[in-house]
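*Asks:* Everything below, folded, please.
(chains A, B, C and D)
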4 protein chains.
Amino acid sequence: MISAGDRVILSGKGKTYLVRAGDGSLGTDLGMVDLSLLIGKEPGDVIATRSGKELVLRLPRATDFFEQAKRSGAPMLPRDIGLVIGLTGMNKKDHVLDAGTGSGVAAVFFAGVAGKVTTCERREEFFRIAFDNIQETGLPNIDVVNLDVLEVDGIFDIVHLDLGITREHVRHAYSLIRPGGYLVCYTPFFEQMGVVYDTAFEVFSEVSAYESIMRDMNRSDRGTRPSTKVCHSGYLTVARK
Amino acid sequence: MISAGDRVILSGKGKTYLVRAGDGSLGTDLGMVDLSLLIGKEPGDVIATRSGKELVLRLPRATDFFEQAKRSGAPMLPRDIGLVIGLTGMNKKDHVLDAGTGSGVAAVFFAGVAGKVTTCERREEFFRIAFDNIQETGLPNIDVVNLDVLEVDGIFDIVHLDLGITREHVRHAYSLIRPGGYLVCYTPFFEQMGVVYDTAFEVFSEVSAYESIMRDMNRSDRGTRPSTKVCHSGYLTVARK
Amino acid sequence: MISAGDRVILSGKGKTYLVRAGDGSLGTDLGMVDLSLLIGKEPGDVIATRSGKELVLRLPRATDFFEQAKRSGAPMLPRDIGLVIGLTGMNKKDHVLDAGTGSGVAAVFFAGVAGKVTTCERREEFFRIAFDNIQETGLPNIDVVNLDVLEVDGIFDIVHLDLGITREHVRHAYSLIRPGGYLVCYTPFFEQMGVVYDTAFEVFSEVSAYESIMRDMNRSDRGTRPSTKVCHSGYLTVARK
Amino acid sequence: MISAGDRVILSGKGKTYLVRAGDGSLGTDLGMVDLSLLIGKEPGDVIATRSGKELVLRLPRATDFFEQAKRSGAPMLPRDIGLVIGLTGMNKKDHVLDAGTGSGVAAVFFAGVAGKVTTCERREEFFRIAFDNIQETGLPNIDVVNLDVLEVDGIFDIVHLDLGITREHVRHAYSLIRPGGYLVCYTPFFEQMGVVYDTAFEVFSEVSAYESIMRDMNRSDRGTRPSTKVCHSGYLTVARK
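*Replies:* Numbers count the residues shown, from 1 in each chain, chains lettered A, B, ... in the order given. Predicted structure coming up:
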């Protein structure tokens, strides 16, 4: 049941609106909506605008966050975040260290899965954006810290690095990972993948590197073909301690 | 802390052994191990064999299950399971319906992430294998049922279908999904993807289809090149209600 | 040695100009060029503009034609034309039938390789553009005809079809091909490939279908990564009689 | 019309036999064939074995050479040879330098297209195999030389290198290429591509590098899907003088 302060997505006529249940109102293409009407409803329920048009309620998911969060650069794509989760078997017992935070997209996906996520971002202005984005989700299990990952200590099940990677990052990550845990580095460039692979190969017990080429299939009356958009996003190196 | 009955992975000299802490002993390449010694240890601790050699302890993860579970066919790969999780934003509030179970690999990965997983397998012999595999993991939040998914009812956040798909499956899935939730179908063949896409397009609000081509990068003294192994695993269709 | 009327490419300061040796002059970024100066020169020679700047001479190739010909739609890419040549072993003894001509790009590449090329284009306005483009190249071994390929008869070593394909096209092509010769169909959509494959499978002795994913590698100071542009261009079906 | 000494392919019942028209006979699955019967026939004609079964005649093409030539290593695939031809616009006016020869496959494809091919192979034993393979084809326009390409001089329209590449190879190739001509290097490993690209970038006017991922589409009653075989063969770097 939706309570005051809960974030809700309203959708109708192909448009979606992210709102908070409670005081106030929202103007939509279908008319004004009183946000207090949302309280006590369930996902899937329908509410009427003042013009008598209908909007469907649903709760936001990480995929909505990806679409709607304020960005501070090119965020990781849900498909690549999913690969990190699948290739490590990330689960609700894990404490995950994520660096750098960027706009917070990976951290928010991980927080839906893991027990706890610590995400660190060195650059103050990126930290601010991420902090606000993550605050807004209401997720209770993310710590956003304004710190260089090289200064982090602790013990983590998974360390995920999406930053200008060096050998030092890989070695420091090793010191933070529980035996049986994973380091995953996402790197857009081939040469960065080489740095991660070679350094990890010296200290971790298993290392693999992957390129993921994912293609949207376009389907229309003319037929089906792969889209030519963004088929490369980056290289993933996965190392197990 | 490890208790009697917990599953533990022992590793040493490049080999790994999946055991249960408690009575009995295990013969390894490094000598006999008393399994009662595991009780009270922490992951990362070291125990000695009777020959004085050392083995490191760690707790099993879903990725270990993928390597070690008894198989009843070609299981989904962790990379594809990860894509399902990433593209839906699967998280610990979700109730996931998974069909068909196969050897249980997808269900076990999902159970690490989701609040609850119901997995159904129509074929009695596959159901038996999956039931035993899943029982063995000790995961408390999976229901394995010996049922055709077309007979399942209830409300789910995500329905995942990996079976000989028909239009009826897609329509039935729609009736089981909460607004804002997702259907994901994994299909090895192009034509199956077309069936899912076209049927989903009639009833769901958003539909996308993807081909994932993932390549292991082989790195050696001679240089780096993509492996030529298993670059195609299948098509994923993702539909949102 | 360059004669009056020969086509020549002049290049200097990163710009190229396609001209004909003979009367007249051309204004370039480096000053006016007297085109009569080209007569008697060799490729690789340098001529001076009236301002005393230098331009290098070279003869145009099919790859220049691809860049500079007037277009009547999306032409086949040189990479895909090359695949047709490689997968059929096209050579100077071959008589090639090409349909539809489009802007003439494939026909021009083929004419550099094959003994003779007959290219047919049903649509009058496309035929006009192709005819002029091909005339301009001075290639002596291409016949451009304004005809539906279904009305063509004769015997060919290779038939290349790049048009809205039907089963009838594939069957008619079979009747035109010498034993040991090849049909190659380029189709942007998957379903068209299916039509070609299935029809060809009934009558030809060997049939293969391919998808070619070609990626530009972008290399800069930041590192190397595959471009995300045009990685799919189409499917090729190759059938041998 | 087939003359004594011509190479002919006989096919029947899904088998093919490469023979020479003239004296002697050949045992086939369909019975003995008198090879003198081939003289005076045309491709597409049928001859009878002594057992009265029929075989169809055709002339061998480069694609047959690829299947049947004696190998001295992994030859370039027809698809990659085709890319070299397409990306350079190779044609019958060109003099092509090819190194190293390997088993001669690329040289034989090029000789069908170009005016003249010089192919050099440093290793004596590979040179022997290639020499015999190429002799057997009867192609009049290939010179096979037992020489390190670094010792070759002359002027070529296209230089094709498929060998353990160094910066010196790229620089030497530049000195051998006519203005407007091309260097193409085929390299299985990423790092080799980097060496070629960076060296070529210093001296040539345009440089591009590509990865070609080509996939056989498997089509059966179960449906269509990309094969998982050999989707990567190598990187191609193309530089224009």
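
*Asks:* going forward, measure contacts between C-alpha atoms and count neighbours the same way
*Replies:* Fine.

*Asks:* Just the pLDDT for the closest residue to residue A:217 other than its chain neighbours.
*Replies:* Take residue A:217 and drop its neighbours on the chain: the residue closest to it by Cα to Cα, 6 or more residues apart in numbering or on different chains is residue A:226, 4.3 Å away. As predicted, residue A:226 sits at a pLDDT of 86.

*Asks:* other SSEs contacting the helix or strand where residue A:224 lies?
*Replies:* Using DSSP states H and E, residue A:224 maps to strand A:223-226. Using 3 or more Cα pairs under 8 Å, 6 or more residues apart in numbering or on different chains; DSSP states H and E, the elements in contact with strand A:223-226 are strand A:206-220, helix C:190-203.

*Asks:* Tell me how far the longest one lies from the chain's centre.
*Replies:* Spelled out, that is strand A:206-220. How far strand A:206-220 lies from its chain's middle: 18 Å, per Cα atoms, centre = their mean, to the nearest Å.

*Asks:* and that strand, which residues are buried?
*Replies:* A:207-219 (16 or more other Cα atoms under 10 Å in any protein chain shown).

*Asks:* So for stretch A:6-23, mean pLDDT?
*Replies:* pLDDT averaged over stretch A:6-23 gives 90.

*Asks:* May I have that stretch as PDB, with CA atoms only?
*Replies:* Extracted C-alpha coordinates of stretch A:6-23, given in PDB (Å, rounded to 0.1, in the frame of the first residue of the first chain):
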ATOM      1  CA  ASP A   6       6.400   7.100  -1.400                       C
ATOM      2  CA  ARG A   7       7.700   7.600  -4.900                       C
ATOM      3  CA  VAL A   8       5.200   6.500  -7.500                       C
ATOM      4  CA  ILE A   9       5.200   6.400 -11.300                       C
ATOM      5  CA  LEU A  10       1.900   7.500 -13.000                       C
ATOM      6  CA  SER A  11       1.500   6.400 -16.600                       C
ATOM      7  CA  GLY A  12      -1.100   7.100 -19.300                       C
ATOM      8  CA  LYS A  13      -1.200   7.800 -23.000                       C
ATOM      9  CA  GLY A  14       2.400   6.700 -23.400                       C
ATOM     10  CA  LYS A  15       3.800   9.200 -20.900                       C
ATOM     11  CA  THR A  16       5.200   8.500 -17.400                       C
ATOM     12  CA  TYR A  17       5.500  10.900 -14.400                       C
ATOM     13  CA  LEU A  18       7.600  10.200 -11.300                       C
ATOM     14  CA  VAL A  19       5.900  11.800  -8.300                       C
ATOM     15  CA  ARG A  20       5.700  11.500  -4.500                       C
ATOM     16  CA  ALA A  21       2.400  10.600  -2.800                       C
ATOM     17  CA  GLY A  22       1.200  13.400  -0.600                       C
ATOM     18  CA  ASP A  23       0.400  17.100  -0.700                       C
END
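
*Asks:* buried ones in that stretch?
*Replies:* A:6-12, A:16-22.

*Asks:* what residues are up against the residue nearest to residue A:217?
*Replies:* Contact analysis of residue A:226 by Cα atoms under 8 Å, 6 or more residues apart in numbering or on different chains lists A:215, A:216, A:217, A:218, C:232.

*Asks:* Heading C-terminal from the strand holding residue A:224, find the next helix or strand.
*Replies:* Immediately after strand A:223-226, counting by DSSP H and E, sits strand A:232-240.

*Asks:* so what strands line up beside that following strand?
*Replies:* Strand pairing for strand A:232-240, determined by DSSP bridges: strand A:177-187 (antiparallel), strand A:206-220 (antiparallel).

*Asks:* Which of those sits closest to residue D:58?
*Replies:* Residue D:58 lies closest to strand A:206-220 among those, at 41.1 Å (Cα to Cα).

*Asks:* so that closest one versus helix C:190-203, what angle?
*Replies:* On the basis of axes from the mean of the first three to the mean of the last three Cα atoms, to 10 degrees, strand A:206-220 is oriented at 90 degrees to helix C:190-203.

*Asks:* before we move on, the earlier item: I'd like the helices and strands packed on strand A:223-226 laid out as CSV, including mean pLDDT.
*Replies:* Converted to CSV, the helices and strands packed on strand A:223-226 look like this (pLDDT from 0 to 100):
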stretch, mean pLDDT
strand A:206-220, 89
helix C:190-203, 96
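
*Asks:* For those, could you give me JSON lines that also reports distance to residue A:237?
*Replies:* Below are the helices and strands packed on strand A:223-226 laid out as JSON lines (distance: least, Cα to Cα, whole Å):
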{"stretch": "strand A:206-220", "distance to residue A:237": "4"}
{"stretch": "helix C:190-203", "distance to residue A:237": "33"}
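
*Asks:* in which helix or strand would I find residue A:44?
*Replies:* Counting by DSSP H and E, residue A:44 is part of no helix or strand.

*Asks:* Sorry, slip of the keys, the one I care about is residue A:93.
*Replies:* Using DSSP H and E, residue A:93 sits in no helix or strand.

*Asks:* ok, it touching residue A:114?
*Replies:* Yes. Using Cα atoms under 8 Å, residue A:93 makes contact with residue A:114 at a distance of 6.3 Å.

*Asks:* residue contacts, residue A:158?
*Replies:* A:88, A:90, A:94, A:95, A:96, A:97, A:177, A:181, A:182, A:183, A:184.

*Asks:* repeat for residue A:219
*Replies:* residue A:225.

*Asks:* Distance of it relative to residue B:124?
*Replies:* As for residue A:219, its distance to residue B:124 is 37 Å (criterion: Cα to Cα, to the nearest Å).

*Asks:* quick one: low-confidence parts of chain A?
*Replies:* Applying pLDDT under 70 to chain A picks out residues A:228-230.

*Asks:* domains in it, as residue ranges please.
*Replies:* What the record gives for chain A is the domain set A:7-58, A:64-240, from automatic domain parsing.

*Asks:* Kindly check the end-to-end length of the shortest one for me.
*Replies:* So that's domain A:7-58. 9 Å.

*Asks:* now do the last one
*Replies:* Across its full length, domain A:64-240 reaches 31 Å end to end, with Cα to Cα as the criterion.

*Asks:* before we move on, back to that, give me whichever of the domains of chain A is most buried.
*Replies:* With neighbours taken as mean count of other Cα atoms under 10 Å in any protein chain shown, the domains of chain A reach their highest mean count in domain A:64-240, at a mean of 20.

*Asks:* mind checking how far that one is from the chain centre?
*Replies:* 8 Å.

*Asks:* Likewise for stretch A:43-54?
*Replies:* From the chain centre to the centre of stretch A:43-54 is a distance of 30 Å (Cα atoms, centre = their mean).

*Asks:* That one close to chain B?
*Replies:* Yes. With Cα under 8 Å from any Cα of the partner chain as the criterion, chain B is reached by stretch A:43-54 at A:43, A:44.

*Asks:* For that stretch, measure first residue to last.
*Replies:* 14 Å.

*Asks:* what's in contact with it?
*Replies:* Defining contact as Cα under 8 Å, 6+ apart, one finds that stretch A:43-54 is touched by A:1-2, A:12, A:30-34, A:37-38, A:55-59, B:178-180.

*Asks:* same question, stretch A:81-96
*Replies:* Under Cα under 8 Å, 6+ apart, the answer for stretch A:81-96 is A:106, A:109-110, A:113-118, A:156-160, A:181-182, A:184, A:238, B:61-63, B:78-87, B:92, B:109, B:112-113.

*Asks:* show me where chain A has strands.
*Replies:* Taking DSSP state E to define them, one finds strands in chain A at A:7-12, A:15-20, A:25-28, A:31-34, A:46-48, A:54-58, A:95-99, A:116-120, A:142-145, A:156-161, A:177-187, A:206-220, A:223-226, A:232-240.
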